[in-house]
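*Asks:* Here's my sequence, what's the structure:
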Amino acid sequence: MESRNEMESVNKYKYMGFILLQSVIYGFGNPLTKIAFKSITPFWSLSVRFTIAFIVFMLFFGRRIIGSLKSVEPKVYLPAGICMATAYITCNLALSWTSATNVGFLMSLPVIFAPILALLIYKVKYRLIHIPVQIVVVIGLYLLCFDGEKLVFGKGEITALITAISIAGALVFGEESLKQLDAVAVSAVQAGITALISLPCALIFENTEILVHVTIPAWLVVLYLAIFCTNIAYMLQNSALKYISASTVSMLQCTQPILTAIISYLLLREKLSTLGIIGAAIIIVCIIAENIITTKEQSASKNLV
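*Replies:* From the prediction side, this is the model:
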């Protein structure tokens, strides 16, 4: 029994590592996206990115994906797919309207929204002991993006907040859909739906002539976003959701703004203030605290069984 518990603990930390790796990938993704936006528009970037990602999924796992989707009703996978599509569309729009650091901050708020959505939609129990940690995380995230005078909350920040709610929805619905589907199928659906929504938006709201003037570095960024931030990052997240809860995943994703802030400074010269550094430290402490709390809860529930 002890060796089994040790094995489960090892697997848990393995999948937690998946989410941290995802944060590293996204940490580069947000600043690079802002660089690409100098020559490509948000919706065309999304259309090309997710079309490539979907094609890659189908090339390598097409039969497996189609067979898996045929075995369940659309209601199993559509909610998570639509939420993820909304998240990526609003994220790209937010990046065109505000700093990568602020977007990184607001994108990490699923740590607050995911447990609430899980409670409202699936009646998942959530103990009050988690609330203080969540509140402190918000304080840390606020300090991370505080510019020394105020936190500006314009259309970019509002759009990024919608991104956070959408990511929370994708985590919660994704956790449920993964009970009947594998990570590859769920990831492919999320990429495909985003591509289907983005292309009409690009054709309606943006000029096709822009594609002729896109620079090679911008296309390389889009390729990075497709392969790393979509194919690989989706697989990491959906694989992890099979073994750790949406609440734990969203808490671990709070490392993303720290990495985004560091990389944004290196690539875009967006500076992190002293308060921002304090905020980053607070977030790390909260992640450790949440992990300890979750581990104790899982151990207690197993003892009861």
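
*Asks:* which parts of the helix or strand hosting Gly67 are buried?
*Replies:* Using DSSP states H and E, the element containing Gly67 is helix 42-70. By 16 or more other C-beta atoms under 10 Å, the buried positions in helix 42-70 come out as 42-54, 56-58, 61, 65, 68-69. To be clear about C-beta, it is placed using only N, CA and C from the backbone, and glycine gets the same treatment.

*Asks:* ok, then the element right after it?
*Replies:* Heading C-terminal from helix 42-70 (DSSP H and E), you reach helix 74-97.

*Asks:* Just the mean pLDDT for that next one, thanks.
*Replies:* Computed over helix 74-97, the mean pLDDT rounds to 89.

*Asks:* and if you look at stretch 250-263?
*Replies:* On average, stretch 250-263 scores 78.

*Asks:* next one: it to chain centre, how far?
*Replies:* Computed by C-alpha atoms, centre = their mean, to the nearest Å, the separation of stretch 250-263 from the middle of its chain amounts to 10 Å.

*Asks:* Pull out the buried residues from that stretch.
*Replies:* Here stretch 250-263 shows 250-263 as buried, counting by 16+ other C-beta under 10 Å.

*Asks:* Include distance to Ala240 when you put these into a markdown table, please.
*Replies:* Output for the buried residues of stretch 250-263, formatted as a markdown table (distance: C-beta to C-beta, whole Å):
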| residue | distance to Ala240 |
| --- | --- |
| Ser250 | 11 |
| Met251 | 12 |
| Leu252 | 8 |
| Gln253 | 10 |
| Cys254 | 15 |
| Thr255 | 14 |
| Gln256 | 14 |
| Pro257 | 19 |
| Ile258 | 19 |
| Leu259 | 17 |
| Thr260 | 20 |
| Ala261 | 23 |
| Ile262 | 23 |
| Ile263 | 22 |
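
*Asks:* can you list the residues that contact stretch 77-96?
*Replies:* The contact list for stretch 77-96 (C-beta atoms under 8 Å, 6 or more residues apart in numbering) reads 30, 33-34, 37, 42-43, 45-46, 50, 69, 103, 106-107, 156-157, 159-160, 162-163, 166-167, 169-170, 173-174, 176-177, 181, 185-186, 189-190, 192-194, 196-198, 201.

*Asks:* C-alpha coordinates for it, CSV please?
*Replies:* Output in CSV follows, covering the C-alpha atoms of stretch 77-96 (Å, rounded to 0.1, in the frame of the first residue of the first chain):
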residue,chain,number,x,y,z
TYR,A,77,-16.2,17.8,-25.6
LEU,A,78,-17.9,21.0,-27.0
PRO,A,79,-18.1,23.0,-23.7
ALA,A,80,-14.3,22.7,-23.1
GLY,A,81,-13.5,23.3,-26.7
ILE,A,82,-15.6,26.5,-26.9
CYS,A,83,-14.2,27.8,-23.6
MET,A,84,-10.6,27.3,-24.9
ALA,A,85,-11.4,28.9,-28.2
THR,A,86,-12.9,32.0,-26.4
ALA,A,87,-9.8,32.1,-24.1
TYR,A,88,-7.3,32.2,-27.0
ILE,A,89,-9.2,34.7,-29.0
THR,A,90,-9.7,37.1,-26.1
CYS,A,91,-6.0,36.6,-25.0
ASN,A,92,-4.7,37.6,-28.4
LEU,A,93,-7.0,40.6,-28.5
ALA,A,94,-5.8,41.6,-25.0
LEU,A,95,-2.2,41.3,-26.1
SER,A,96,-2.8,43.8,-28.9
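
*Asks:* longest helix of this protein?
*Replies:* Among the segments of the chain that qualify as a helix by DSSP state H, the longest is helix 2-36.

*Asks:* what's it packed up against?
*Replies:* If contacts are counted by 3 or more C-beta pairs under 8 Å, 6 or more residues apart in numbering; DSSP states H and E, helix 2-36 sits against helix 74-97, helix 100-107, helix 216-226, helix 233-240, helix 246-252, helix 255-268.

*Asks:* could you give the mean pLDDT of it?
*Replies:* Mean predicted lDDT for helix 2-36 stands at 78.

*Asks:* Then stretch 293-305?
*Replies:* Stretch 293-305 shows a mean pLDDT of 62 in the predicted model.

*Asks:* same check, this time on stretch 45-59
*Replies:* Across stretch 45-59, pLDDT averages out at 94.

*Asks:* And for stretch 190-200?
*Replies:* Averaging pLDDT along stretch 190-200 yields 92.

*Asks:* What are the buried residues along that stretch?
*Replies:* 190-195, 197-199.

*Asks:* between the buried residues of stretch 250-263, which is closest to Lys271?
*Replies:* Distance to Lys271 across the buried residues of stretch 250-263 (C-beta to C-beta) is lowest for Ala261, with 9.0 Å.

*Asks:* Next up, the contacts around that closest one.
*Replies:* Counted by C-beta under 8 Å, 6+ apart, Ala261 has contacts 101, 104, 144, 270, 272, 276, 280.
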